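K.L.:
Sharing a sequence plus its predicted fold:
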Amino acid sequence: MLGLYVGVMSNKIAVIDDENSILEVIENILKSNGYDVKTYNESIGIIDKLREYLPSLILLDIHMPSKNGIEVLKEIRKDPVLKKIPVVMLTVDVSPADIQKSMLYGANTYILKPAKEKDILEVIRNLLIV
């Protein structure tokens, strides 16, 4: 079943970031490379939205108001529907503590913002290999 899930929906990516300019740039990069993209600029209520969209990969900003990305990551990893989806953390700074926490709670990797298009695509392609 998991193989079918990944194969059928391997182009769906959710991007969660409180900065609309970042969302727009990443959305444009991904859409121009054939991905189905859904963006979210708020972390409150995100689990229900992700369960509805069922992405194959999640790009998640670490530093967000209200609920930060690490808290959201913990919820994703506890959710029976979402827990196996690869999560890439987005961050503007290399805080070793934040990166360690992200990896501890199940992030697959991280990307520094602003990232180059080729770097974003390389990370995504590596994680979405069936």
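P.N.:
Thanks, I have it.
K.L.:
Test my guess that Gly69 contacts Glu75.
P.N.:
No - counting by C-beta atoms under 8 Å, Gly69 sits too far from Glu75 to count as a contact (10.5 Å). Just so you know, the C-beta spots here come from the backbone N, C-alpha and C atoms, and that holds for glycine as well.
K.L.:
For those two, indicate the residue with more neighbours.
P.N.:
A direct count of neighbours by other C-beta atoms under 10 Å for Gly69 and Glu75 places Gly69 higher, at 30 against 16.
K.L.:
residues contacting the more buried one?
P.N.:
Ile16, Ser43, Leu60, Asp61, Ile62, His63, Met89, Leu90, Ser102 (C-beta atoms under 8 Å, 6 or more residues apart in numbering).
K.L.:
ok, now Thr39?
P.N.:
Counting by C-beta under 8 Å, 6+ apart, the residues that Thr39 touches are Ala14, Val15, Ile16, Asp17, Leu23, Glu24, Ile26, Glu27.
K.L.:
name the helices or strands packed onto the helix ranked longest in the chain?
P.N.:
Using DSSP state H, we find that the single longest helix of the chain is helix 20-32. Applying 3 or more C-beta pairs under 8 Å, 6 or more residues apart in numbering; DSSP states H and E, one finds that helix 20-32 makes contact with strand 12-16, strand 36-40, helix 117-127.
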